[in-house]
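K.L.:
3D model of this:
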Amino acid sequence: FDVIDFERARKKKIGGYLRLLNSPENIANEFTRQQFRGGDFFNMLPLYESLTLEEVNRRLKEHIRWDQLAISLVVSP
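P.N.:
Numbers count the residues shown, from 1 in each chain. Below is the predicted model:
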C-alpha cells in the first residue's frame, strides 16, 4: 500500500467505528462479536490510531503468498 491509500483506509475504519458508537444496539452486537473472537471492542480505536503503514505492509508479506494468487475473469457471452 502507499501512504495515501493507507491513510484513507485507516481513517475510514476509524470513522466507521465512531459511527457505530451512535447506537447502543450496534455497540452491544459488536462488543459480543469481539468477545467471542477473543478481542476487546473498546481497544479497537487505539489500535486503529496506532496502526502504521510499515506494520500493514510487513503483515501482508507475512500472510499473503503473492506467488499463489489466482485471477478469475467472468465474461458474458
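K.L.:
could you use CA atoms for every contact and neighbour count after this?
P.N.:
Fine.
K.L.:
which residues does the lengthiest helix in the chain contact?
P.N.:
The residue-count maximum for a helix in the chain (DSSP state H) belongs to helix 3-20. Residues from elsewhere that reach helix 3-20, judged by C-alpha atoms under 8 Å, 6 or more residues apart in numbering: 26-27, 44-45, 48-49, 51, 53.
K.L.:
what do you get if the cut-off is 10 Å, keeping everything else the same?
P.N.:
Residues from elsewhere that reach helix 3-20, judged by C-alpha atoms under 10 Å, 6 or more residues apart in numbering: 1, 26-27, 30, 41, 44-54, 56-57.
K.L.:
now stretch 25-41
P.N.:
The contact list for stretch 25-41 (C-alpha under 10 Å, 6+ apart) reads 17, 19-21, 23-24, 42, 44.
K.L.:
how about a cut-off of 6 Å?
P.N.:
Taking contacts as C-alpha atoms under 6 Å, 6 or more residues apart in numbering, the residues outside stretch 25-41 that touch it are Leu21.
K.L.:
in that stretch, what's buried?
P.N.:
Residues 27, 30, 41 are the ones in stretch 25-41 that count as buried (16 or more other C-alpha atoms under 10 Å).
K.L.:
stretch 40-53 too?
P.N.:
By neighbour count with 16+ other C-alpha under 10 Å, stretch 40-53 contains the buried residues 41, 53.
K.L.:
now the helices for this structure?
P.N.:
Using DSSP H, the helices of the chain run over 3-20, 24-36, 44-50, 53-63.
K.L.:
among those helices, which is nearest Ser72?
P.N.:
helix 53-63 (21.1 Å; C-alpha to C-alpha).
K.L.:
dump the C-alpha coordinates for that closest one into PDB.
P.N.:
The C-alpha coordinates for helix 53-63 follow below in PDB (Å, rounded to 0.1, in the frame of the first residue of the first chain):
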ATOM      1  CA  LEU A  53       1.900   1.600   7.100                       C
ATOM      2  CA  GLU A  54       5.100  -0.300   7.800                       C
ATOM      3  CA  GLU A  55       3.200  -2.700  10.000                       C
ATOM      4  CA  VAL A  56       0.500  -3.300   7.400                       C
ATOM      5  CA  ASN A  57       3.000  -3.900   4.600                       C
ATOM      6  CA  ARG A  58       5.000  -6.300   6.900                       C
ATOM      7  CA  ARG A  59       1.900  -8.300   7.700                       C
ATOM      8  CA  LEU A  60       0.900  -8.500   4.100                       C
ATOM      9  CA  LYS A  61       4.300 -10.000   3.200                       C
ATOM     10  CA  GLU A  62       4.000 -12.500   6.100                       C
ATOM     11  CA  HIS A  63       0.400 -13.700   5.400                       C
END
